[in-house]
Each structure stands twice: as C-alpha cells, then as structure tokens.
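Chemist: Here's a sequence, model it:
(one chain, ligands or ions: 1)
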Amino acid sequence: MAIHLVEKYSESFISADEYKNIQSDVSAAHSLLCNRNGAGSDFLGWVTLPEDYDKEEFARIKVAAEKIKKTSSVFIVVGIGGSYLGARAVIEFLKSPLYNSLPKDTPDIYFAGNCISAVSMAEIAQLCRDRDVCINVISKSGTTTEPAVAFRVLRGMLEEKYGVEGARERIFVTTDKAKGTLKSFSDDAGYETFVVPDDVGGRFSVLTAVGLLPIAVAGIDIDALMKGAADAKLTYISDDIEKNDAYKYAAMRNILYRKGKTTEILVGYEPYAMMLNEWWKQLYGESEGKDQKGIFPASVIFSTDLHSLGQYIQDGTRNLFETVISVEDNHETFDIPNDPANIDGLNFLSGTDLNLVKKTAMQATLLAHVDGGVPNILIELADRSAYSLGYLIYFFELACAISGYILGVNPFNQPGVEEYKKNMFALLGKPGYEKLAEELKGRIN
Ligand code: PA5
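Modeler: Alright, predicted model coming up:
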C-alpha cells in the first residue's frame, strides 16, 4: 500500500465511541456512492476512471506529448481551477517547482489563463518570443473568461508566428466531447481535441486528458500514475472505517468538524508539495463549502511556514486540525557538511542526511501541535513516485466524496462560483445583464 494513515496524533481528540457512532453515516455515504443515488451522482465518472479510462485517447495523449516535446521548447497550459491545478500539482510534485530552470529534455511548461492579470499575460507573451511554442487550452465549458482571454491572445500570437496552418499543429484543445463553443470552434479550425468526460467535474479531472497531456509533456510516467489510482480503487472498497483508510480520513474530518474544528490545514514538508496543497484545497473547498457548511481548507509548507503561521497554529484560536503528508522516500539524500570552525554550533549534525533532520522536525512539530490542542492526522506516502501520487490522488478524491456525503452536501456541484461571474459580467457590460448592472452600480457608487 502506498499510503499509511497514522491515527496516534489524534487519539486524544477522537474517542472510540465517536468512531463507532459515525460508522452508520459512513456506511450511508458509501451506499450513496456505490448505488449512484446520492446528490450529484451524474458526476461519478472519476470513481471508475483509473480502470475504464479511454485507452484509445490515452494512446493519443502520449503521441501528442511526443509531438509537443519535439516541436516546442515552451508549452503553455491554458486553464483555471480544475482545468489546471491537477496538472500543475503533479508536475511540481514529481519534477520540481523549479522544473523550468533545471536541466531537462522536455519543454518549459507555463500556466496561463488562471487569473485576470495584464502583467501575467504580458510575461507569457514575452516568454514565447523567439521560442517554439505549443499550447493546450483546457476548458470543460469552453466559456470560462480567464482561459478564453488567454486563448485569444496565444492563438493570435501563434497564427502570426507560424501562419494559420502552422498554428493548427501547435494548438491542442481539451474540452467537452460534443458541446460548447470551444469544441465546435476547434473542430472547424482542425485542432486536435481531447475530452473532459461529461461525468467528471473539473476538480476530479486530473486523471483525464485535462491533467494527463501536460503531465506527459513533462516526461512523467502516466501509466504509473493511473496504476497507482487503480490500485487505490481496489484497496478502498470496504465501508468499514477500520478497513478503509480513505473512509477513516473522511470520518475523522467530520468528527472533528462536529466538535468545532472548522479549519483543516494540509501540511507538506517539501516545497514540491505546494501545488498539491492548492489542488487539495480546491477539491475539498469546492466540494464541501456550501449550504452554509464545510471545513475551511487551508495549507502550509513546513518548516517554511513554521516561521510564519507556526505561532497561530500552536497558540491561536483552537478551531484547527492538521493533516500532514509525510513522503517517506524522496529518492534523494543530502548530507550536512562538517565545518571545522563550527561557527553555527551545528557540528552535531555533520554527516546527517537532511531527510532525517526534516523527519525529526516533523515529529517535533506533531507533538508540539498536539500539545497545543491541534489534532493531527498523519498520512505517510511511501515515496515520491508517479505510482504513489496516483494512489494519493484517488485516496483524496474518494475521501472527499464520502466526507461531503457525511456532511450532507452535494460534493459535485459548485453553485457559489457563479455569483461573482454574474456580477463581473454585469459590471463589464455583457449584453443581457443590464438590469443587474444598474443595481450593482447603485451599490458601488
Ligand atoms: O472544479 C470545477 O468545476 C471548476 O474549478 C472548473 O474546473 C473551473 O471553473 C474551470 O471551468 P472550465 O473547465 O469549464 O473552464
């Protein structure tokens, strides 16, 4: 098993009776998921995806990735939310946050269309100048403003540089299989397209073409990623929380939430885990934060953030719990050198591997935070490999669905995301929004 859930740092906060009492809620959630009769059951494609993914498209993804590697030194991934976070999380976790700066035989990868920023757009345009570029536009709806604007800019740039014909060979589109303007536009323009399956929502889509094409371009083994997820699917089948760690994690979160622990902090101990934290925050925040309910998902990277948020976690408002991911084997060691002058007094660490120092810092912090009243859930991940990460992704997706059902929400919709969009369109003067625009302007001025 690639994951081991450690409960001992939350034992003093969760009693055996509380586990016993929540089991019926977990079983009910399990039944909603398995019988596909819970809220949002049209969006359960991710459950079986690791086994029944489209093998023909998977092969096409690999061919496209090779073509992109051969023909470009810069690859721009255009998408927002679930249409970008997964790919970026996996690439940074398995390669590096410094992927673009480190020596490699794959293209630099930049992410665009995930914000509204003239500065970022200008920077991306600058990065593409004098370099060979391919782009992958990812949007399930095909109408999201941020990626649509970036696509306009980048398409124009590519057509200017390579001509319409040349640009066609460099634009890859991942969108709905039939619906939406992006799909019809792409078919008319002759771009190669990949599918966001109808029954997979954005934040659950990293193991579809949405994540897999950029991940493959980075040179990551997507077969191993899928195998890890498939093995996790086989592991987490029982509804008994004593036999299913994904369900146990979901149960622990809900027990703690019911006791007033309304913020969960996902803790990583490696800078390469930062974007995984961001992916996790979207997965849990968008799935559970609704109907005036839900745990607020936050994240930190230690030991970095022990020097910023550490004080609050140790000693601030006691509404927190932490979920710590410990990567047991980084496949990399680095020994601390000896200093004959011992100016920093650290010679007692000479020859010690930084992995050991990190692990010790983690153990010290776990104990300190538990003593400070913060329950800790520890997830040990076997290693930093595509297989283990695929396993972890499935673990979190499954736990999220079960946790949402225990909470009593639809984990697969995101009605709240539309509110700002309506207001923005009205204020920007989009036709059809005149009445709302008038009302909003009255409130602003
Ligand atoms: O999880 C989700 O559904 C959202 O985060 C979407 O992925 C995000 O809003 C982007 O939507 P789209 O892929 O339609 O452009």
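
Chemist: could you point out the longest helix in this protein?
Modeler: helix 145-168 (DSSP state H).

Chemist: list the buried ones in that helix?
Modeler: 146-148, 150-151, 153-155, 157-159, 161-162, 167-168 (16 or more other C-beta atoms under 10 Å). Yep, even glycine has a C-beta here, placed from its N, CA and C like the rest.

Chemist: any idea how far residue 325 is from residue 300?
Modeler: As judged by C-beta to C-beta, to the nearest Å, residue 300 and residue 325 stand 11 Å apart.

Chemist: How about the contacts made by the one residue in the stretch 151-300 of the chain that gets nearest to the ligand?
Modeler: Taking C-beta to the nearest ligand atom, the ligand has its nearest neighbour within the stretch 151-300 of the chain at residue 202, 2.2 Å off. Remark: with contacts taken as C-beta atoms under 8 Å, 6 or more residues apart in numbering, residue 202 is in contact with 81, 82, 83, 140, 196, 210.

Chemist: Leaving out chain neighbours, which residue sits closest to it?
Modeler: Counting by C-beta to C-beta, 6 or more residues apart in numbering, residue 202 lies nearest to residue 82, which is 2.3 Å off, once chain neighbours are set aside.

Chemist: re the thing from before, just among the contacts of residue 202, which is most surrounded?
Modeler: residue 210 (31 neighbours; other C-beta atoms under 10 Å).

Chemist: sorry, back to before: residues shared between the contacts of residue 300 and residue 325?
Modeler: Residues touching both residue 300 and residue 325 comprise 266, 267, 268, with contact defined as C-beta under 8 Å, 6+ apart.

Chemist: how about stretch 64-82, does it reach the ligand?
Modeler: Yes - counting by C-beta under 6 Å from any ligand atom, contacts between stretch 64-82 and the ligand involve 80, 81, 82.

Chemist: Ignoring the adjacent residues along the chain, who's closest to the residue positioned nearest the centre of the chain?
Modeler: What sits nearest the mean C-alpha location of the chain, by C-alpha atoms, centre = their mean, is residue 279, with 2.0 Å. Nearest in space to residue 279, with sequence neighbours left out and distances taken as C-beta to C-beta, 6+ apart, is residue 89 at 3.9 Å.

Chemist: which phi and psi does the one you found have?
Modeler: Phi and psi for residue 89, reported as degrees, to the nearest 10, are phi -60, psi -50.

Chemist: How about residue 74?
Modeler: phi -130, psi 130.

Chemist: swap in residue 4?
Modeler: phi -130, psi 120.

Chemist: does the closest residue to it other than its chain neighbours sit in a helix or strand, and which one?
Modeler: Among residues not flanking residue 4 along the chain, residue 380 sits closest, at 4.2 Å (C-beta to C-beta, 6+ apart). Secondary-structure element containing residue 380, defined by DSSP states H and E: strand 376-383.

Chemist: Could you check the angle the following helix or strand past that strand makes with strand 376-383?
Modeler: Helices and strands here follow DSSP H and E; after strand 376-383, the next one along the chain is helix 386-407. Per axes from the mean of the first three to the mean of the last three C-alpha atoms, to 10 degrees, the angle that helix 386-407 makes with strand 376-383 is 150 degrees.
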